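S.K.: okay, here's the prediction I keep looking at, along with the sequence it came from:
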Amino acid sequence: MMISQFFVLSQRGDNIVFRDYRTEVPKGSTETFFRKVKFWKEDGNAEAPPIFNVDGVNYFHVKVVGLYFVATTRVNVSPSLVLELLQRIARVIKDYLGVLNEDSFRKNFVLVYELLDEVIDFGYVQTTSTEVLKSYVFNEPILIAPARLQPIDPAAIFNQGAKRMPGTAVTKSVVANDPSGRRREEIFVDIIEKISVTFSSSGYILTSEIDGTIQMKSYLSGNPEIRIALNEDLNIGRGGRSVYDYRSSSGSGVILDDCNFHESVRLDSFDSDRTLSLVPPDGEFPVMNYRMTQEFKPPFHVNTLIEEAGRLKAEVIIKIRAEFPSDIIANTIAVQMPLPNYTSRASFELEPGATGQKTDFKETSKMLEWSLKKIVGGAEHTLRAKLTFSQEFHGNLTKEAGPVSMTFTIPMYNVSKLQQVKYLQIAKKSSSYNPYRWVRYVTQANSYVARI
Amino acid sequence: MPPPAASARYPSPSQPSGKSEVTDLKSQLRQLAGSRAPGVDDSKRDLFKKVISYMTIGIDVSSVFGEMVMCSATSDIVLKKMCYLYVGNYAKGNPDLSLLTINFLQRDCKDEDPMIRGLALRSLCSLRVPNLVEYLLGPLGSGLKDNNSYVRTIAVTGVLKLYHISASTCIDAEFPATLKSLMLHDSDAQVVANCLAALQEIWSLEASHSEEACREKESLLSKPLIYYFLNRIKEFNEWAQCLILELAVKYVPSDSNDIFDIMNLLEDRLQHANGAVVLATVKVFLQLTLSMTDVHQQVYERIKSPLLTLVSSGSPEQSYAILSHLHLLVVRAPFIFASDYKHFYCQYNEPSYVKKLKLEMLTAIANESNTYEIVTELCEYAANVDIEIARESIRAVGKIALQQYDVNAIVDRLLQFLEMEKDYVTAETLVLVKDLLRKHPQWSHDCISVVGGISSKNIQEPKAKAALIWMLGEYAQDMSDAPYILENLIENWEEEHSAEVRLHLLTAAMKCFFKRAPETQKALGIALAAGIADFHQDVHDRALFYYRVLQYDVHVAERVVSPPQQAVSAFADTQSSEIKDRIFDEFNSLSVIYQKPSYMFTDKEHRGPFEFSDELGNIPITPEASSEIVPAQQYEANDKDLLLSTDEKDDNKGLSSNNGSAYTAPYESSNISSQMQELAISGPAASATTTQSSFDFDDLLGLGLSTASVPTPSPPLLKLNPRASLDPRAFQQKWRQLPISSTQEYSVNPQGIAALTVPQSLIKHMQSHSIHCIASGGQSPNFKFFFFAQKEAEPSDYLTECIINSSSAKAQIKVKADEQSTSQAFATVFETALSKFGMP
């Protein structure tokens, strides 16, 4: 149950923050940890698992924005507890600093130590609620140069979309005041759906899953109660049926396989009218996580062809078609495909007039890379690549290359057919009180793979 | 906070080297100390920050100690906090400064601002200066009584800190008693939670030398206290909830209503977004229902969905922790997850540590209904860019092939791998084909024709090479080139670096010689000569042995080196079921991640603040059997869960509405559960534990001699109680506590094997001999039963694990007994009863 030390290391292994709560772990644990992670070679894994044991000391780490958040202990603790805690510490610090990176850490380390002292005492977690911590923590954050921040208007950030994960779009500290000296009353609700799809070589969907989160960040004063209404035809659980039995679920309604809720959420009326009520604590938190395997229309159709084109030569054609309405625009699309390892050269041919597209062949990893700034709904794009091989190939080319994988972000679009948040009601008496409410949707690829 | 020294070793030009800056700071601080000018606090803050940043990067700023303390006579809480941080760092190493610090902190403990009282008390208790502990008593005592809850939470943890500095001071001041009363009466949830944490730690440590502490520790598990916590669990924050759930796991419920009450209370905790809360709840559910087969299975069905949601909603690290626990559950009860196999497909961007777990899970849940899909998916991974994962995938296909009975399609897939012509794929596949042939010699024809086509030049990895050579020797008569390929390899003896390969070459040459003497004679001669001259001891010895045995008699040599092939019925499991059970008991801990019980990676004092089963450390460590193959009688049934009987149960019974369903008593309450309360657990034979290691060692060697080595007088006739009863929980507990007193292997007569098609018949049969079944499972050809019997008119139990393999017609029996002296007699009774099974 208790941890011994907590520290944060930079990518180069520098100590950014270090706190020893129980002095049971010998000195040098930061170096031991970093060496182990950097040169991990055990049991054939290329990367260190998040938990390992060196000389009786257990090291836990999570990577957040390129930094290592690490805890050590000698006790046989609950691994989920420690990893969850590390993630939560990162979130609390981000709530305070607005932006989480090495620079903001270094500028605010006194504040960070102050936070750490209240979060953990003698190795036992006290609280990780930004709300509660506010009454114990007094240092004010030094926000990093405003010039480097995105414009404050969140909608603007969102429309830019490309640069940031929507979940981290809000970069305002929960405690700092605006330069203008007044706090803007606003609340953000992001519905983020990460989709995983695997297509078979013949184009069938082998597996598909949506992992969704309704994320909230509130800057409302006075902690008013909030009600969120979801689709009325929402069902949870598939009873005794097999999760992958699509036919039985293609009827009406949205079926979640399962979901879980933040502890502040009250579900009193959830069964009757699908509303969640909560008093949002300060800071960013997931209101609800859900998972569905109900069939959905994949946003992109991928078609790949690899063909022999003479001795030591082959041609690859990748076609992607956007299967969503034309008023929706996907951005930061990246397509990757491993090529046969005897490929020595690849020359690319884009469609005439293509803009915002880039192609590359990574010599060492034999990876074909194709990136597109944006794709408008309904559009189709094609890439042709001519490959040169360094040796003659035998057997089946399709076994030597692929699969094709894609990453993308589609703002204001949800594949799950949930117009999830039907309304967002803020209970406050005054009629003049009308805070900004930002409800935003986004679909992202988690694992989007087409086999060839 | 010991300042990390790492960055100090590489001073960057922008960092001050030390001395002059520190002197400078000192004089600036001194100037500010007495000042009351407006805005002075802001300047102090800047200076303090500088001091602390120097401290963090490893510059010694202890010389400004006095100035820091002087400057801290202020009501500015930010300044106070920085000062505490500073003094906490330097007081420890400097006794002169500590006294000064203590005075200063003691004063602040009486401040009117509760925040300052709390912070000062925390700093005071964190100083850890043993000879100054008496200064802590006053502030701690008043801290515990403070009217502000923030101060009280800190004071409670302060008591624990004091205990670690000086246990006797803490106990003598009767702080634990104060904490106990606070735990029961304080209105603040965090104060209560900290009391619980502190008391658990203190009493666990005290328990080793104080009976009273032992009792106090046990009292934490009393029914009223458990319900006191569980009823108000939602008042606690998520971390404290975990603490309470960990406590509830240790609680022994009084009856089944008790169990259902607790489960209904905690049901909604499974929907928590915090994985730690969910896993802790899962552990409570699993432990509570261990003795209720139906409900236990219902729990598996219930927890599946929440765990899968957690796997996909968290960061990769969190997913990994959850997935490791799912892995454990999947391996214990594969059939429950058989239809969920698609959740364990690898995603291309997952870290390899996640993929590896998933591959193992897919291997575990493969059965008749899903093997085709799983193997098809695994074959896709064989072409993976990540070579290590590609290898693992091929191994997984092979493992599935070895555990299935219809391997037809899989053999085809394996042979297709060989056509991919990738070195590592070929290498892995060869090793698998070899193992497969050892289990299913009937496939030799198909395999050999493909393997024969592989050029030995393309195979470099020793394991693969050894596998190929083994096949060349074993199937020399079916591979026309065998002698010539072997000859080629033998001619390159000098270049062969792996001793393993050279050993296999010797044996293969011998086997080939027995089958095709004229073609092999020359090569064998060269091999023996090279082998005898080999610098490697084993190679040398084996060559010499072959040489001599050939000299002695060629026919004897053939019988020794190349006896008729015998199919290996099962490959050894790497972990014994005892170890797996122990890991299961330590659910929601690192044991699950490392796949080892805690005694293998932690020293005793750190095994957990609330470890009850101290005696578990005596269990012998089973060496990992690696990939070695051991004869069939060593088979450890890797079957369903100990108490998850699979006998014709309607899987969907009561499961149709998973969500929010209340737990109810099992439908058919067997005589076992109805008698549950009647039985008290009789004392374990603790003294016998020490003998266990030697018994297990014998067992390990497969000698089965342990009973023979204990001279027993001819056993008196044993009378068993025909109406014996034992509740499953007590059974489990005993099974873990008692040493194995006898291990035996019997042949089962053919009539018995025939009757075993209905496993229930054996249960009935044994019952007619007063031996009662408590759990059974498995499917053809491996069945596993747990039996118990009781001595007539005496509360002395005999527990038996019986594994029957119907294809080899062998029964493997492990007996554990309360009374060592009569265990042999019982084993005889058991054998007699078993031998009559199937007889008219």
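M.R.: Nice, I can see it.
S.K.: what about residue 57, neighbour count?
M.R.: Because you didn't say which chain, this covers chain A. A:V57 has 20 neighbours, counted by other C-beta atoms under 10 Å in any protein chain shown. In short, each C-beta sits where N, CA and C put it, glycine included.
S.K.: actually it's chain B I care about, not the one you picked
M.R.: Neighbours around B:I57, by other C-beta under 10 Å: 19.
S.K.: where do the helices sit along the stretch 51-200 of chain A?
M.R.: Assigned by DSSP state H, counting those that start in this stretch, the stretch 51-200 of chain A shows helices spanning A:79-97, A:102-107, A:109-119, A:130-133, A:154-160.
S.K.: possible to save those as JSON lines with mean neighbour count and distance to chain B?
M.R.: As requested, the helices of the stretch 51-200 of chain A are exported to JSON lines (neighbours: other C-beta atoms under 10 Å in any protein chain shown; distance: least, C-beta to the nearest C-beta, whole Å):
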{"stretch": "helix A:79-97", "mean neighbour count": "25", "distance to chain B": "4"}
{"stretch": "helix A:102-107", "mean neighbour count": "18", "distance to chain B": "9"}
{"stretch": "helix A:109-119", "mean neighbour count": "22", "distance to chain B": "6"}
{"stretch": "helix A:130-133", "mean neighbour count": "20", "distance to chain B": "8"}
{"stretch": "helix A:154-160", "mean neighbour count": "16", "distance to chain B": "22"}
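S.K.: out of the ones you listed, nearest to B:L132?
M.R.: Using C-beta to C-beta as the criterion, the shortest distance between B:L132 and the helices of the stretch 51-200 of chain A is 21.6 Å, found for helix A:109-119.
S.K.: and the angle from that closest one to helix A:79-97?
M.R.: Direction vectors for helix A:109-119 and helix A:79-97, defined by axes from the mean of the first three to the mean of the last three C-alpha atoms, to 10 degrees, enclose an angle of 140 degrees.
S.K.: how far out from the middle of the chain is helix A:109-119?
M.R.: A distance of 26 Å separates the C-alpha centroid of helix A:109-119 from that of its chain, computed with C-alpha atoms, centre = their mean, to the nearest Å.
S.K.: now swap in stretch B:25-32 and tell me
M.R.: In terms of C-alpha atoms, centre = their mean, the gap separating the centre of stretch B:25-32 from the centre of its chain is 57 Å.
S.K.: can you confirm A:L305 is in a strand?
M.R.: Yes - with DSSP: H, G, I helix; E, B strand; the rest coil as the criterion, A:L305 is located in a strand.
S.K.: how about it: which residues does it bridge to?
M.R.: A:I317 (DSSP bridges).
S.K.: show me where pLDDT drops low in chain B?
M.R.: With pLDDT under 70 as the threshold, chain B has low-confidence stretches at B:1-18, B:93, B:405-406, B:570-575, B:604-717, B:779, B:840.
S.K.: and the strands in it, which stretches?
M.R.: When assigned using DSSP state E, the strands of chain B occupy the ranges B:742-747, B:772-779, B:782-790, B:797-805, B:810-817.
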